[in-house]
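Engineer: Compute the structure for the input listed below.
(2 chains)
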Amino acid sequence: MKDLTKDDRLVIGGHSFGSRFILGSGKYSLSLIEAAVQYAGAEIITCAVRRANTKEHENILDFIPKGITLLPNTSGARNAEEAVRIARLARELGCGDFVKIEIMRDTKYLLPDNAETVRATEILAKEGFIVMPYMYPDLNTARDLVNAGAATVMPLASPIGSNKGLATRDFIQILIDEIDLPIIVDAGIGRPSQACEAMEMGAAAVMSNTALATAGDLPMMAAAFRQAVEAGRRAYLAGLGRVLTRGGAPSDTLTGFLHD
Amino acid sequence: MDDRFLIEDPTLSPAALERKHRLENDPSSRTDHMAYLPGQEQIVSDIRERVMAEVAAFDPSVYTGKDVARALAQEHVGIEGLKALLSPAAAPFLEQMAQRATVETQRHFGNTVYLFTPLYIANYCENYCVYCGFNCYNHIRRMRLSMEQIEHEMQVIAGSGMEEILILTGESPSMSDVQYIGEACRLARKYFKLVGIEIYPVNVEDYRYLHECGVDYVTVFQETYDTDKYETLHLAGHKRVWPYRFEAQERALMAGMRGVAGSALLGLSDFRKDALASVLHMYFLQRKYPHAEISLSCPRLRPIVNNDKIGPQDVGERELCQILCAYRIFLPFAGITVSSRESKSFRDGIVKIAATKISAGVSTGIGDHESKYAGKDDGEGGDEQFEINDGRSLGQMYRDMAGEGLQPVLNDYLYV
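Structural biologist: All right, here's what the predicted structure looks like:
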């Protein structure tokens, strides 16, 4: 039996990780970070740069445990230029070279702007950032992101914070099938079963926040996500058995009359 | 005229007293409150028409418990559902509304609560708004802080750990002009991560200047959306012009501000209609400017210097809670601020249901933060706009919020 943390590591921009659960940044609290690391096994934690831009009281950066990779995001950016400025600031703050691009021009649904995201990816990749762009699952955009130098592609599963799961399932599957970069499913994953399904489909990792943040028992839910992500990954690696969609398996094949 | 607001001031000159009485008693002596004054910019916008059409069609008495239950069963509550939630029929559903609002708040904001403080830098005012402590006929200690005094106040506030500030003035474009406010905002950017303003409405060009000075959020209270009632309460001054005030947030967004906030002052007129208008005002603004961050407040009338009889009328805490739950259910993504006008117990409760931002370390007076924060009272401050109810310091508020299981946030903002 494979030890997933050793034999099946997630590789992003030359860095490898034993966990395929990434903590998103939507609802930040310090207890959430603790639970995600301790019980969900998260090795990457997203952090909005705007939220880290604080003086004394409980700066999030001070609460990221050692050995955890910080993934600053550009939340608050409304276009590529703003995202680039925020990414550079993150680097100045000592957040490293990883950056998750989030560009929204809509405060209601927080849907990503794909075109601006491609532009920001190109600029930041040239500056040596390991760029992880959050995007609406569109194959053409995904290809543009690959060409722009993205390290992963991060399609949304459903509207952020909605906990509605894989509303864009078929389109994410196309990205998984066609794009030669890790596809990390981001936003909308509300249940461990949905995370498991994304991993079964072949997603490289899932990112979630609200599902944990709004759970009744945070550590318990974090542990459930860990198991779900691992189960989905193992199922993907094992190769899913066939699922009959209608009728039973015929004992005599329809093509049995063919002799050559 | 609603007599409870009126204050007889023996220090006024006979001429001033005569003018004051004429404004109060003779409607024909007052200007047209729907006509823009010279210099007040008119923009092209259909938002006012859309809001007022909905308010005109809103009869709170026609809704039943069934309408409320139907609204609460919907995943996305529309304008009809919102009206049901604001109606008297929703009163028995308050706990269910609170449960639903809590889910929406947690889904969009988690357990975070943002903290900020207001800083009044001047209390001169050229308006006669009968319910306001700063009104030009109220005999109070007037003051306008110098830049040195403002910086000192900011140092005291920043020293407490506060990172977001809201700069306020009385409404006097002559005593606290836009340049003066802009300079104060430039100073504020030295000490704070986020600067908002709550000042008299200005033109797009002036909002653009203030934006360049570091302001990114603009709050304007419409007081009441009932234009006839507005006319009887705002008897003189530029604030008397209702439509210019209504369009302030839109002008601010046109000038590049990131976010705007607004509300009626609940208790001045029919609070259900004013609540509907407040939330739809912000709703239609966000539809037209999808990038805008919108926020609602919920001020109720409070006692003022020289008149302790002013209060929130028929808007009790249960009604206020109902309004805030309706706001949250209708606009799950909007910020909701609850000011120190409300009690500690109300604020502690409502932040778990619907509110996302509360003030701490508040003074609505002028130049008295050092006395309030450090106990150094030199008696030189300007009088307050209204009496606050919850006087907790930042440190106390931070501890109390954390004690309630919430994550206090001092800044979630970046100038880009």
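
Engineer: now A:A87: how far from chain B?
Structural biologist: According to Cβ to the nearest Cβ, to the nearest Å, A:A87 and chain B sit 11 Å apart. C-beta here means a position set from N, CA and C on the backbone, and glycine is covered the same way.

Engineer: Show me which residues of the stretch 201-350 of chain B sit near chain A.
Structural biologist: Listed as neighbours of chain A in the stretch 201-350 of chain B under the rule Cβ under 8 Å from any Cβ of the partner chain: B:286, B:290-294, B:333.

Engineer: how about 7 Å then?
Structural biologist: Residues of the stretch 201-350 of chain B lying close to chain A by Cβ under 7 Å from any Cβ of the partner chain are B:286, B:290-293, B:333.

Engineer: Please flag which of these sit within helices.
Structural biologist: If you go by DSSP state H, those have B:Q286 in helices.

Engineer: Of all pairs in the residues of the stretch 201-350 of chain B next to chain A, which one is the farthest apart?
Structural biologist: Within these, two members stand farthest from each other by Cβ to Cβ: B:H291 and B:F333, at 12.6 Å.

Engineer: And these two? Which one has more around it.
Structural biologist: The neighbour comparison of B:H291 against B:F333 (other Cβ atoms under 10 Å in any protein chain shown) goes to B:F333, with 18 against 14.

Engineer: Now for residue 191, how many residues are close by?
Structural biologist: This is for chain A. With other Cβ under 10 Å as criterion, A:R191 counts 18.

Engineer: right idea, wrong chain: chain B
Structural biologist: By other Cβ under 10 Å, neighbour count at B:Y191 equals 18.

Engineer: ok, it - contacts?
Structural biologist: Contact analysis of B:Y191 by Cβ atoms under 7 Å, 6 or more residues apart in numbering or on different chains lists B:154-155, B:158.

Engineer: For those, which ChimeraX command selects only the ones that are buried?
Structural biologist: Buried members of the contacts of B:Y191, defined by 16 or more other Cβ atoms under 10 Å in any protein chain shown, are picked up in ChimeraX with:
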select /B:154,158
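
Engineer: which parts of stretch B:165-181 are buried?
Structural biologist: Neighbour counts over stretch B:165-181 (16+ other Cβ under 10 Å) mark B:165-173, B:175-176, B:178, B:180-181 as buried.

Engineer: Distance-wise, check A:F225 relative to A:L10.
Structural biologist: 15 Å (Cβ to Cβ, to the nearest Å).

Engineer: coming back round to it: got CSV for the residues of the stretch 201-350 of chain B next to chain A, with pLDDT too?
Structural biologist: Shown next, in CSV, are those (pLDDT from 0 to 100):
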residue, pLDDT
B:Q286, 95
B:P290, 93
B:H291, 92
B:A292, 94
B:E293, 94
B:F333, 93
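
Engineer: What about the residues of the stretch 201-350 of chain B next to chain A, which are in strands?
Structural biologist: B:E293 (DSSP state E).

Engineer: about what we covered before: can you list residues touching both of B:H291 and B:F333?
Structural biologist: A:T107.

Engineer: tell me, how many neighbours does the spatially closest residue to A:L139 that is not a sequence neighbour end up with?
Structural biologist: Closest residue to A:L139 apart from its sequence neighbours, by Cβ to Cβ, 6 or more residues apart in numbering or on different chains: A:I174 at 5.5 Å. Using other Cβ under 10 Å, A:I174 has 16 neighbouring residues.
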